[in-house]
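>>> next input, structure requested:
(chains A and B)
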Amino acid sequence: MLSRRSFFLFTLPASIVLGLFFVYPIALTLQLSFTNSTGVGEADWIGWRNYERIVSRDRYPEALWTTIKFTLVVVTVQTLAGLVLAALLHRLPAIRNFCRAALFTPAMMSFVVVGYVWQFIYSPFSGGLNSLLRGAGLDDWTWGWLGDPDTALYAIALAHIWMFVGYTTAIFLAGYANIPDDIEEAGRLDGASSFQRFRYLEIPLLAPSFTINVMLSTIGTLKTFELPFIMTRGGPDGATRTLSLEIIDQLFGNYRFGFASSLSIIMLIIVIAVAFVQNRYLRKRELR
Amino acid sequence: MTTAIRQLHGVLVHAAVLALVLLMLTPLLYMLTMSFRTGTEIAEHPLGLPTELAWENYTRAFASMNYLRSVANSIGITVSVTVLTALFGSMAAFPLARNSTPAARIFIMLVALGLATPNFVTITPIFVIFRDLGLLDTYPGIILAFTALNLPLAVFFYVGFIGSIPKDLLEAAKLDNCSDWQIFWHIIRPLLGPATATLSLFVMLMVWNDFTYPLLLLTDREKFTVTISVYRFVGNQNIQPDMLFPAAVLGSLPLLVLFVVFQRRIVAGVTAGAVK
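Here you go, the predicted model:
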């Protein structure tokens, strides 16, 4: 137990930084969200009008729906792919460390680099993917991957998954390391096949890793902004405009500081609600 | 199964998984080979190896990106943020781990809120505050913004760690008339080494690769970080592959080199951090 004076002094630097650049900004966001502030000059208090606008125009619910679709695809595919990769590598100790590091490498790169490289891979004429398809005689399969509203979001999701699947795999492998050897051994002695052990022993025992992976990737993808911003600028036709991209656009494209703030508040509510529900549900699942 | 078949099976499984992993690495190899090809070469044959290494791609990117300067900026900003985050975070965590007063509980709740809050929630006011305080386009500004973003994680991390230090150790020091600061600096700080290493890895990766804050808070070319100078150099209209790929390689080079050298420790550290 520290004295009141020590408590104050020790927490002072963190309090100043967090107060000035976290607590005060959140309060200010809330306040701005009820104004028509443009960042300069006086702003008028306009009550709930920003929020009414969000609900009444198709554009904003669509941005939210885009964000949710992106999150669902990324979290599902990345978690399952990471699980399968980890299960395979767990059974192949000879190449485990090499593969884990290799898969992890893209996570060391920035969104800017990954975004640009994949943008070019998807580009219609000299892009890597279409060239590969043409080379394989599959000319009919070539596509303007980022130019078509039906495929653009999934193309970006694939780049995102590529970037982080190694992270997911590494976390599952850490979960595998916590499974006692004798449990696996017992399963083997009972004549369980490799797949049966995976299904009935490993998956239940990996529950804590599921929680971490799902929560980390959900929080990471709900706020996704970088890849859509770099690869498509939210296009084509708004198909990849996520909530964060909309916030940045309103802020620095239209100087609607008040309106951008109301979108931020919506985002905060959604992220906290999702984190809360996931945490409760996944933790409960772990206990079973 | 006879042994021979079993062995063959084993080799095939290894080869298949290895092939799958190498397939995942093709975008990296693509980036590297493309970076040495000229624009006309790529236009004529989109796929293929460079006929001769186009080093001029690199000299141009190197100069136009202001590469060395931007690497120095990234290092300076990343190191400052990491040190400040570790110092402020561990200092705040000490009383928070030891006291259970209402003030401590409110602080911890705030930190938990901070952990879940995406920076897009605070970006508008931070821009306004920065403009009003003259912090836009300054090193201290962006360093403080990043420190605030990472402090909740640091406090959370250290509270758990300091909480596991035996109480007796600190009580004994107190009986020896050590001040709280002496206890923190001479007893607790040396014990925090492993926690700080893991935390710093997280913070460094996050700050080095971040795109949003430098995009919004820096406009002076001389202060650009590596990420943002790649972005500004390549641009967003009419992207040229002979500019994109060398810039991408240069942009990822520092961390990739670090990763090749320390890969085991980095993967272990980042995973351990996530699991906690």
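>>> what strand or helix carries A:Y167?
helix A:152-177 (DSSP states H and E).
>>> and the next element down the chain from that helix?
helix A:181-189.
>>> so is that next one next to chain B?
No: Helix A:181-189 does not reach chain B (C-beta under 8 Å from any C-beta of the partner chain); its nearest approach is 15.1 Å. C-beta: built from backbone N, CA, C; applies to glycine.
>>> immediately after that helix, which helix or strand?
With DSSP H and E, the next secondary element past helix A:181-189 is helix A:194-197.
>>> who's in contact with A:S110?
Residues in contact with A:S110, defined by C-beta atoms under 8 Å, 6 or more residues apart in numbering or on different chains, are B:W208, B:N209, B:D210, B:F211, B:V226, B:T227, B:V230, B:G251, B:S252.
>>> so which of these are also by chain A?
B:W208, B:N209, B:D210, B:F211, B:V226, B:T227, B:V230, B:G251, B:S252.
>>> where's the one residue sitting closest to the centre of chain A relative to A:T71, distance?
The centre of chain A sits closest to A:T221, judged by C-alpha atoms, centre = their mean, with a distance of 1.7 Å. For A:T221, the distance to A:T71 (C-beta to C-beta, to the nearest Å) stands at 4 Å.
>>> one step back: out of the ones next to chain A among the contacts of A:S110, what pair is the most spread apart?
B:D210 and B:S252 (14.2 Å; C-beta to C-beta).
>>> do the helix holding A:Y167 and chain B meet?
Yes: Helix A:152-177 is in contact with chain B by C-beta under 8 Å from any C-beta, via A:W162, A:V165, A:G166, A:Y167, A:A170, A:I171, A:L173, A:A174.
>>> list the buried residues in that helix.
A:152-176 (16 or more other C-beta atoms under 10 Å in any protein chain shown).
>>> got it, and stretch B:159-178?
In stretch B:159-178, counting by 16+ other C-beta under 10 Å, buried: B:V159, B:F161, B:I162, B:I165, B:L170, B:A173, B:C178.
>>> who touches the residue in the stretch 151-288 of chain A positioned nearest to chain B in this structure?
Going by C-beta to the nearest C-beta, chain B is nearest to A:K223 of the stretch 151-288 of chain A, at 3.8 Å. Taking C-beta under 8 Å, 6+ apart, we find A:K223 in contact with A:L243, A:S244, A:M267, A:V271, B:P118, B:N119, B:F120.
>>> repeat that with 10 Å
A:67, A:71, A:242-244, A:247, A:267, A:270-271, B:117-121, B:212 (C-beta atoms under 10 Å, 6 or more residues apart in numbering or on different chains).
>>> checking the spatially closest residue to it that is not a sequence neighbour next. Helix, strand or coil?
Distances taken as C-beta to C-beta, 6 or more residues apart in numbering or on different chains place B:P118 nearest to A:K223, at 3.8 Å, with adjacent residues excluded. Under DSSP: H, G, I helix; E, B strand; the rest coil, B:P118 falls in the coil class.
>>> for B:P118, phi and psi?
Note on B:P118: its backbone torsions stand at phi -70, psi 150 [degrees, to the nearest 10].
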